[in-house]
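Trainee: Sequence isn't available, so here's the structure alone:
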């Protein structure tokens, strides 16, 4: 039977090594004071300086290594479909209309809302105007009819 | 496609270099007199340096071995799939 091609053990191996290095680096920074070869209050000896700075470097390297191994692990899980890919933001529908409104960013949500409100307002105004024109035209027809019906 | 070798390996290799430096530091810096009994600082540096070298080596080699094993398994799987597909004669 063929095995699954997804191999995660190597990343845990690397993570384990990086975490052990982190502990060792931390100990190295504390060792001069914990083991007593750095007298308190005195200037740091060569051994203390070396242990502290090398310990700090090891801690930083271990943290970087942990992050890199963890990222590789997540990438492998994503490639295998265990973790879903992040959805890409969908393109804005009104991108073609956007340049008409100067000074506003074309892809912003605020701009979309502003444009939608303007469209609604324009539609309402147009229907209102059409209604008034219809009413006005109706009045004119009635007035003309009454004028023609008057006796001479 | 994910990379064959994680960039974390580079960090482990640098840890290995730091461990090697720690082992040689007491003599290189000169706080350990030649021929005298080892100081506490020297013992600590050699022990932690040796631990770091061992951990980094085991981490790097283990990672590479497992990565190689994954490659072999993936190749086996591809071969098995290729053999299972029916041959279409045109």
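Mentor: Looks like it came in fine. Computed from a predicted model, the values in this text were never measured in an experiment.
Trainee: and residue A:90, how many residues sit next to it?
Mentor: 6 (other Cβ atoms under 10 Å in any protein chain shown). C-beta here means a position set from N, CA and C on the backbone, and glycine is covered the same way.
Trainee: Spatially central, which residue of chain B would that be?
Mentor: residue B:60 (1.6 Å; Cα atoms, centre = their mean).
Trainee: Which of the helices or strands spans the residue of chain A at minimum distance from chain B?
Mentor: Residue nearest to chain B within chain A: residue A:17 (2.5 Å; Cβ to the nearest Cβ). Secondary structure assignment for residue A:17, by DSSP states H and E: helix A:9-34.
Trainee: Name the next helix or strand downstream of that helix, please.
Mentor: helix A:46-79.
Trainee: right, and the helix or strand after that following helix?
Mentor: helix A:109-149.
Trainee: So for that next one, mean pLDDT?
Mentor: Helix A:109-149 carries an average pLDDT of 79.
Trainee: just stretch B:29-45 next, same as before
Mentor: 92.
Trainee: follow-up on the earlier one: for the residue nearest to the centre of chain B, give me its contacts.
Mentor: A:17, B:9, B:12-13, B:16 (Cβ atoms under 8 Å, 6 or more residues apart in numbering or on different chains).
Trainee: Need the pLDDT of it.
Mentor: 94.
Trainee: Repeat that for residue B:89.
Mentor: pLDDT, residue B:89: 62.
Trainee: Same check on residue A:83?
Mentor: 81.
Trainee: and the closest residue to it other than its chain neighbours, how many neighbours?
Mentor: The spatial neighbour of residue A:83 that comes closest, neighbours along the chain excluded (Cβ to Cβ, 6 or more residues apart in numbering or on different chains), is residue A:77 at 4.6 Å. By other Cβ under 10 Å, the residues close to residue A:77 number 16.
Trainee: I'd assumed residue A:84 was in contact with residue A:77.
Mentor: No - counting by Cβ atoms under 8 Å, residue A:77 sits too far from residue A:84 to count as a contact (10.0 Å).
Trainee: okay, now residue A:7: neighbour count?
Mentor: Counted with other Cβ under 10 Å, residue A:7 comes out at 18.
Trainee: Next: the one 10 residues further on.
Mentor: Taking other Cβ under 10 Å as the criterion, the count of residues near residue A:17 is 30.
Trainee: From residue B:5, how far off is it?
Mentor: 14 Å (Cβ to Cβ, to the nearest Å).
Trainee: Chain A - how does it break down into domains?
Mentor: Following automatic domain parsing, one finds the domains of chain A at A:9-79, A:119-152.
Trainee: how far does the longest one stretch from start to finish?
Mentor: So that's domain A:9-79. Separation of the first and last residues of domain A:9-79 by Cα to Cα, to the nearest Å is 16 Å.
Trainee: now that domain, how far from the chain's geometric center?
Mentor: 31 Å (Cα atoms, centre = their mean, to the nearest Å).
Trainee: For that domain, the averaged confidence score.
Mentor: Mean pLDDT, domain A:9-79: 93.
Trainee: show me what contacts the residue lying closest to the residue of chain A closest to chain B once chain neighbours are set aside?
Mentor: Closest residue to residue A:17 apart from its sequence neighbours, by Cβ to Cβ, 6+ apart: residue B:59 at 2.5 Å. Contacts here follow Cβ under 8 Å, 6+ apart; on that basis residue B:59 touches A:13-14, A:16-18, A:21, B:12.
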